[in-house]
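A.B. asks: take this sequence and fold it.
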Amino acid sequence: MTPEEVGRRVVELLAPVEATASVSGGQGYARATVDVPPASWADAVRAARDDAELGLDFLDWLSAVDELADGFDVVLHLWSVAHRHGLLLRTRVPRDAPVVASVVDLFPGAAWHERETHEMFGIDFAGHGELRPLLLPPEFEGHPLRKEFVLASRVAKPWPGAKEPGESEAGGGRRPVRPPGVPAPGEWGTTPTPAGAAGAGEGPRGGTPARPARERPARPAPGERPVRPAPGERPARPAAAERPARPTAGDAPEQPASGEPGPGSGAAPAAGEAGPLGRPLPGEPPTGPPRQQPDPDAAGES
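C.D. replies: Okay, here's the model as predicted:
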């Protein structure tokens with residue numbers, strides 16, 4: 001059956017009760033939605049379950065919606081395992097006296113749903129018999145899912161204890177515990193010490209000071225920066241008069257001054273000076289016995 005057909009069938013079964021059928025959602029999520037008066041709530045659930053064409057034999061969920069001054073909408077979703085179609089059944093109860101009949105005798109699984117709805121919205125299900133707390137402690141006051149309920153309970157009443165240092169009037173000396181590997185607040189920046197912590201926190205009031213910032217040298221002005229050569233250009237060579245004079249052969253090497261590299265430090269030898277390990281300098285003929293050349297006649301005789 002289509003959602004439209006399911007809605008029309010429920011309205012026919014409840015006649016002459018004034019029920020309104022509509023469709024919620026769209027495409028594959030479309031559901032037949034039927035609004036009934038509170039007095040016909042249990043009769044509508046029984047008719048949807050027992051009718052052969054509907055066969056809505058599975059209770060999916062039951063809850064409520066806070067409509068503020070208009071009251072509360074109690075919503076029940078039923079599903080047919082055999083026919084694979086569903087139904088959203090709704091009824092609206094007044095805010096000053098939110099009471100509706102229980103359907104536990106029709107669907108025993110609705111017991112927990114009605115207990116939760118009673119606990120969260122304050123709606124009474126007549127005939128349930130055991131609407132005791134399900135999720136909240138017995139001493140909890142109010143109904144959390146009502147729109148006028150103040151979720152910040154610390155604003156509504158004084159908090160009996162301190163979850164963190166400084167949250168209660170009594171204060172405390174417990175030092176905040178940081179997770180492993182998390183640096184102290186003073187390492188990231190100065191933070192004020194929380195009230196009541198007895199100076200145990202980090203920051204400018206008795207804690208670890210922030211890490212000083214590193215000083216960087218001032219950047220030169222745009223006109224003072226050296227001009228970089230363009231890509232592909234070579235730096236200009238110094239003039240001949242500006243080049244240092246090369247020592248001639250025979251000149252005695254100068255003794256290195258203090259702080260200058262001496263012999264054996266890896267510096268290139270001067271002209272006329274023997275190279276390391278007696279090697280000739282570039283441009284000088286090799287010294288030592290002449291190299292013996294092979295005799296071509298002796299090679300032919302052998």
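
A.B. asks: all contacts plus neighbour counts: C-alpha atoms, from now on.
C.D. replies: OK.

A.B. asks: sec struct for residue 9, please.
C.D. replies: helix (DSSP: H, G, I helix; E, B strand; the rest coil).

A.B. asks: count of neighbours near it?
C.D. replies: Other residues within reach of residue 9, judged by other Cα atoms under 10 Å, total 18.

A.B. asks: and for residue 217?
C.D. replies: 6.

A.B. asks: repeat that for the one 5 residues further on.
C.D. replies: Counted by other Cα under 10 Å, the residues lying close to residue 222 total 7.

A.B. asks: now do residue 33
C.D. replies: Using other Cα under 10 Å, residue 33 has 26 neighbouring residues.

A.B. asks: got the phi/psi numbers for it?
C.D. replies: phi -120, psi 130 (degrees, to the nearest 10).

A.B. asks: now do the helices in this protein.
C.D. replies: All helices of the chain, identified by DSSP state H, fall at 3-14, 41-50, 110-121, 153-156, 185-188, 296-301.

A.B. asks: most packed of those?
C.D. replies: Comparing the helices of the chain by mean neighbour count (mean count of other Cα atoms under 10 Å), helix 110-121 ranks first with a mean of 21.

A.B. asks: contact partners for the spatially closest residue to residue 65 that is not a sequence neighbour?
C.D. replies: Spatially, and ignoring its direct neighbours in sequence, residue 65 is nearest to residue 73 (5.1 Å; Cα to Cα, 6 or more residues apart in numbering). By Cα atoms under 8 Å, 6 or more residues apart in numbering, the residues touching residue 73 are 64-67, 90-93.

A.B. asks: with residue 79 instead?
C.D. replies: 56-60, 85-87.

A.B. asks: count of neighbours near residue 66?
C.D. replies: Around residue 66 there are 17 residues (other Cα under 10 Å).

A.B. asks: next one: residue 113 from residue 2, what distance?
C.D. replies: Separation of residue 113 from residue 2 (Cα to Cα, to the nearest Å): 27 Å.

A.B. asks: whoops, I mixed them up, residue 124
C.D. replies: 33 Å.

A.B. asks: which one of the helices of the chain has the lowest average pLDDT?
C.D. replies: Per-stretch mean pLDDT for the helices of the chain is lowest at helix 153-156 (a mean of 49).

A.B. asks: residue 78 and residue 33, how far apart?
C.D. replies: 11 Å.

A.B. asks: now do the shared contacts for those two.
C.D. replies: 87-89.

A.B. asks: could I get those as JSON lines with distance to residue 28 and neighbour count?
C.D. replies: Rendered in JSON lines, the data for the shared contacts of residue 78 and residue 33 read as follows (distance: Cα to Cα, whole Å; neighbours: other Cα atoms under 10 Å):
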{"residue": "87", "distance to residue 28": "14", "neighbour count": "24"}
{"residue": "88", "distance to residue 28": "15", "neighbour count": "21"}
{"residue": "89", "distance to residue 28": "19", "neighbour count": "24"}
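
A.B. asks: list the contacts for residue 147?
C.D. replies: Residue 147 makes contacts with 66, 68, as judged by Cα under 8 Å, 6+ apart.

A.B. asks: model confidence at it, what's the number?
C.D. replies: 89.

A.B. asks: likewise for residue 262?
C.D. replies: pLDDT, residue 262: 53.

A.B. asks: with the one 10 residues further on instead?
C.D. replies: The model reports residue 272 with a pLDDT of 51.

A.B. asks: below-threshold pLDDT in the protein: ranges please.
C.D. replies: Residues of the chain that meet the criterion pLDDT under 70 lie in 151-213, 235, 247-280, 284, 286-302.

A.B. asks: name the residues that touch stretch 125-144?
C.D. replies: Contacts of stretch 125-144 (Cα under 8 Å, 6+ apart): 99-104, 111-112, 114-116, 118-122, 149-151.
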